[in-house]
Structures are given as structure tokens and as C-alpha cells.
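Visitor: Here is my input; please provide its structure:
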Amino acid sequence: MNLMRRTLLGSILAMIGWKPSSAKQSGPEAGEQTKAHAEASSVTPRHVLCFLGKDRDLSHLSEAASQAIADFAAGFSIDESYSQAEPDDRMSQSFAVCWDRVEPDAWSAADEDAVAHHQSVLYILGPSMQQGETVTVSMAALLLVERLIGAGAVAVKGESAGIAHGLDRWRALIVQGAKALKAKDTLSQQQIGRLAFAKRPLSDQEYLESVGFHLVGLPEVYVPKSAGSERQVVAIMDAVADEIAERGLEPTLEARRAKLSFDSTYDVDEFKFNPYGIVRLAG
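Guide: Next up, the predicted model:
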């Protein structure tokens with residue numbers, strides 16, 4: 001098991017009133033769901049951020065990160081094991097897979113070039129988060145991104161969901177996050193954190209899927225491909241996430257005729273595993 005992934009396993013997490021829809025079922029299927037729920041509740045999510053530098057001197061980024069941690073990002077830490085003052089030849093392929101493909105112009109040729117010619121890599125680990133802390137910590141992660149871009153980071157990727165934006169898109173999200181923080185608008189903060197650090201859509205045989213909604217305390221949302229085009233499905237996915245945030249899980253499940261499942265394709269020791277489950281919409 002990857003050493004970085006082992007740190008996902010934390011103390012028992014209260015589900016803050018959320019109960020899986022399978023609680024009303026009986027028989028073997030209900031038993032499996034209860035077992036999966038119990039296993040999921042032992043996991044606490046965390047951010048892992050990857051920053052690429054333009055030269056082989058990590059001191060500018062690491063010093064900026066240390067100052068940000070002291071200023072507002074308590075619990076975050078620099079990962080000394082995986083950070084390196086030299087390029088990583090896997091980064092171009094990694095970012096190519098992770099670029100956000102939903103927001104128009106989410107990255108540019110200049111962003112791709114910066115990744116291709118990076119000279120150093122800094123990883124920052126976030127703290128394990130209780131569900132009620134996720135939005136606050138994700139806003140701190142976004143401000144940390146701002147601080148390191150200011151210190152010279154040329155590319156940024158959220159490893160916990162495998163999402164990358166170009167620098168202009170990161171800056172736009174940072175501005176939106178700052179406004180939401182100033183207004184003390186928690187719902188907007190949650191939405192911005194989701195857009196910044198979650199990835200969608202991923203595809204399997206029947207569904208288009210989200211990954212990373214746990215970083216703002218929400219379950220994943222899986223929408224049948226039959227619901228429309230990719231853009232239409234992503235709009236549904238985002239609307240369901242907003243409804244859960246505003247109205248609560250159970251009312252959303254009922255209104256959407258959806259079910260909460262803990263049958264994840266990710267193992268509990270993976271950063272992408274969502275301990276709050278998966279909302280599966282009916283076909």
C-alpha cells in the first residue's frame with residue numbers, strides 16, 4: 001500500500017445525520033450495504049496538492065508554503081518524501097489526464113508548456129478532515145494555491161481527485177472563493193471548493209460519475225448516460241450536489257428518486273474513496 005495513501009485511514013467519522021437509503025431494506029443486500037457503510041465511516045478525506053516549479057530551487061515554493069501553513073492553513077504539511085528539486089517526466093501525461101474538461105478554456109497551450117518544462121515538484125498534504133470541516137479546509141487549500149502561484153508555481157493539480165486547471169482558471173476560482181469567504185457564504189464556498197478540487201465526468205459502462213465531492217463533505221453523484229449529452233449530465237450532477245448542500249440528502253434522494261450506495265470502485269485506502277457514499281440517479 002502506498003505510504004501516502006495509508007494516511008487516509010483515520011478515526012471513526014460521524015455521518016452528521018446521514019443514513020443510507022438501504023437502511024430500510026432487509027436481506028443480504030442490506031447487510032452488504034451496512035457493512036460497506038461501516039467500513040466507509042472509518043475513513044476521513046484529505047487534500048493532496050501538487051505544485052510544479054520553474055527551476056530546480058524548491059526554496060521559493062517551500063518557504064511560501066511554510067508561511068501559508070503558519071498564516072491560515074493549519075494542519076497542512078510539505079511532503080518531504082515525494083517533493084523533488086528536479087523534473088518528473090511523468091507530469092505531462094499526468095496533467096493530460098487530469099485537465100478539467102468541463103469549464104471552457106480551463107487550460108491553455110501555455111499551461112501545457114509549463115508542465116512540460118517544469119523543473120521541480122512540491123507536494124503538500126492536507127489534514128484528515130471531519131465532514132463538518134471539509135469546506136473550511138478546502139477554502140484554505142484554495143488560498144494555499146493562491147499563495148504558491150504568487151510564489152512562482154507554474155502548474156497546480158489536486159491529487160485527491162485527479163483534477164488540474166490552468167493558472168487563469170485557478171485564479172478565477174480563487175477570486176470566487178475570496179468573495180464567498182468575505183460574504184461568509186458557506187454554500188458558495190462549498191460549490192467553489194467542489195469546482196476547484198473535484199473532477200467530473202468520469203465514465204463507466206452505464207454512468208457518468210463524479211470524483212472528489214467528499215473534499216467538500218458531499219457524496220459522489222452518478223448520473224445515467226441515458227440522461228443526455230455529457231454537458232447535460234454534468235449539469236444534472238452539479239444540480240444534485242447543490243440540492244444536497246441546500247436541502248439535505250434525504251429530501252434530495254426522495255425528490256430525485258435516487259439511492260445512496262457505498263459500493264465504490266475505489267478502495268478505502270485510496271484518496272478518491274468517498275466515505276459519504278454515492279448518490280445514484282435512476283435511469
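Visitor: From E80, how far out is the spatially closest residue to R257 that is not a sequence neighbour?
Guide: In space, and not counting its chain neighbours, R257 is closest to A282: 5.0 Å by Cβ to Cβ, 6 or more residues apart in numbering. For the C-beta atoms, the positions are set from N, CA and C on the backbone; glycine is no exception. Going from A282 to E80 by Cβ to Cβ, to the nearest Å gives 47 Å.
Visitor: what does P104 give?
Guide: Distance, P104 to E80, using Cβ to Cβ: 38 Å.
Visitor: give the contact list for A114.
Guide: A114 makes contact with L52, K54, V154, A155, L167, according to Cβ atoms under 8 Å, 6 or more residues apart in numbering.
Visitor: ok, G126 touching T134?
Guide: No - between G126 and T134 there is no contact under Cβ atoms under 8 Å: 10.1 Å.
Visitor: Could you tell me which residues make contact with A164?
Guide: Contacts of A164 were listed using Cβ under 8 Å, 6+ apart, and they are F95, C98, W99, D100, W107, A155, V156, K157, G158.
Visitor: contacting residues for V137?
Guide: Counting by Cβ under 8 Å, 6+ apart, V137 has contacts H47, G75, G126, P127, M129.
Visitor: Chain neighbours aside, what residue packs nearest to the second one?
Guide: So the one you mean is G75. Once flanking residues are discounted, G75 sits nearest to P127: 3.1 Å by Cβ to Cβ, 6+ apart.
Visitor: Quickly find the element holding the one you found.
Guide: Under DSSP states H and E, no helix or strand contains P127.
Visitor: how close does it get to S41?
Guide: Applying Cβ to Cβ, the value for P127 to S41 is 18 Å.
Visitor: and what of K182?
Guide: 34 Å.
Visitor: and what of G53?
Guide: To S41, G53 is 38 Å away according to Cβ to Cβ.
Visitor: that older thread, give me the three-state assignment for the residue nearest to R257.
Guide: Per DSSP: H, G, I helix; E, B strand; the rest coil, the local secondary structure of A282 is coil.
Visitor: okay but it is in contact with A255, surely?
Guide: No - counting by Cβ under 8 Å, A255 is not a contact partner of A282; they are 11.9 Å apart.
Visitor: Excluding chain neighbours, what is closest to S226?
Guide: Residue nearest to S226 in three dimensions, not counting chain neighbours: G283, with 5.5 Å by Cβ to Cβ, 6+ apart.
Visitor: what's the pLDDT at the one you found?
Guide: Predicted confidence (pLDDT) for G283: 78.
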